[in-house]
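Peer 1: this one's structure only:
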């Protein structure tokens, strides 16, 4: 992940890892296994760029200032081990990622989901994400939806309420 995002100036990237404690192994050491991962990056809108679905009248004059530019989160690579699915792991990681994005100043959080991945679509929908783009030429070729969660509208994410 460090290599993947190293060229993205001004981005804040995190890899969220869910670990299951499996007790003490034969050598007397604590045994743990990774059961889920999720990548979160916090990005800035470029000058003149706007969120999907928004119509913005560009100003005549502007200064490029990262402090006043809108931030957004992008979630990718959400995966859970097959043996631990349907236990709330993806929901917990997603809630943590959304809360982290909000704490880092993101206004919205985006994610891409394959159109045939009904489980992922259901998960994101339960969290409040909505489809904002499904018809651009690049997305339709990949058969993906762009989903968005507006953090100004969803204030129910509490970092201390996670349980699996």
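Peer 2: Done, it's in. Computed from a prediction, not measured in an experiment: that's the story for all the values here. Numbers count the residues shown, from 1 in each chain.
Peer 1: where do the strands sit along this protein?
Peer 2: 12-24, 30-44, 71-80, 108-114, 130-133, 144-150 (DSSP state E).
Peer 1: As CSV, the ones you listed with distance to residue 100 and mean neighbour count would be great.
Peer 2: For every residue, glycine as well, the C-beta is placed using N, CA and C. Formatted as CSV, the strands of the chain follow (distance: least, CB to CB, whole Å; neighbours: other CB atoms under 10 Å):
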stretch, distance to residue 100, mean neighbour count
strand 12-24, 7, 14
strand 30-44, 6, 17
strand 71-80, 8, 18
strand 108-114, 10, 21
strand 130-133, 20, 16
strand 144-150, 13, 20
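Peer 1: between the ones you listed, which gets nearest to residue 98?
Peer 2: strand 108-114 (5.6 Å; CB to CB).
Peer 1: Show me the strands paired with that closest one, marking each as parallel or antiparallel.
Peer 2: strand 71-80 (parallel), strand 144-150 (antiparallel) (DSSP bridges).
Peer 1: Let me have those in a markdown table, extended by mean pLDDT and distance to residue 32.
Peer 2: Below are the strands paired with strand 108-114 laid out as a markdown table (pLDDT from 0 to 100; distance: least, CB to CB, whole Å):
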| stretch | mean pLDDT | distance to residue 32 |
| --- | --- | --- |
| strand 71-80 | 92 | 16 |
| strand 144-150 | 91 | 30 |
